[in-house]
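>>> Can you look at this prediction? I've put the sequence above it.
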Amino acid sequence: MWFFRRMLRVPLTARKTNEEVLKETETTRSLMNRIRRRQAKFVGHIMRREGLENLITIQPEEWRGRRAEEDKDRKCLMA
């Protein structure tokens with residue numbers, strides 16, 4: 001939404017919701033909907049592949065943040 005705010009010259013510190021900005025620009029969240037639709041198609045494509053057991057469909061550990069390290073430590077203690 002920052003690009004719409006920039007076009008309208010609305011400061012980032014202004015207390016305006018994204019919905020208000022969308023109303024001013026007379027647009028919808030088509031980009032977000034398009035991204036979600038493509039993500040769903042991609043996941044469907046991956047799920048149809050053979051050898052699904054070799055594919056990791058969960059988030060990589062580096063995306064998880066601080067808790068991933070704690071979980072990793074717990075797994076080491078369990079083994």
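That came through, no problem. For clarity, every value in this text was computed on a predicted model and none was experimentally measured.

>>> Endpoint to endpoint, stretch 20-30 covers what distance?
Using C-alpha to C-alpha, to the nearest Å, the end-to-end distance of stretch 20-30 comes out at 16 Å.

>>> Where do the helices of the protein begin and end?
Ranges of helices in the chain, per DSSP state H, are 2-8, 18-25, 30-47, 61-64, 66-78.

>>> Enumerate the positions of the second one that are buried.
Of the residues in helix 18-25, V21 count as buried by neighbour count, 16 or more other C-beta atoms under 10 Å. C-betas here are computed from N, CA, C, even on glycine.

>>> Under the pLDDT cut-off, which ranges of the protein? List them.
Within the chain, the segments meeting pLDDT under 70 span 49-79.

>>> try 90 this time
For the chain, applying pLDDT under 90 flags the ranges 1-8, 10-19, 21-79.

>>> give me phi/psi at P11?
Torsion angles at P11 (phi, psi; degrees, to the nearest 10) stand at phi -60, psi 150.

>>> for it, what are its contacts?
Residues in contact with P11 (C-beta atoms under 8 Å, 6 or more residues apart in numbering) are R5.
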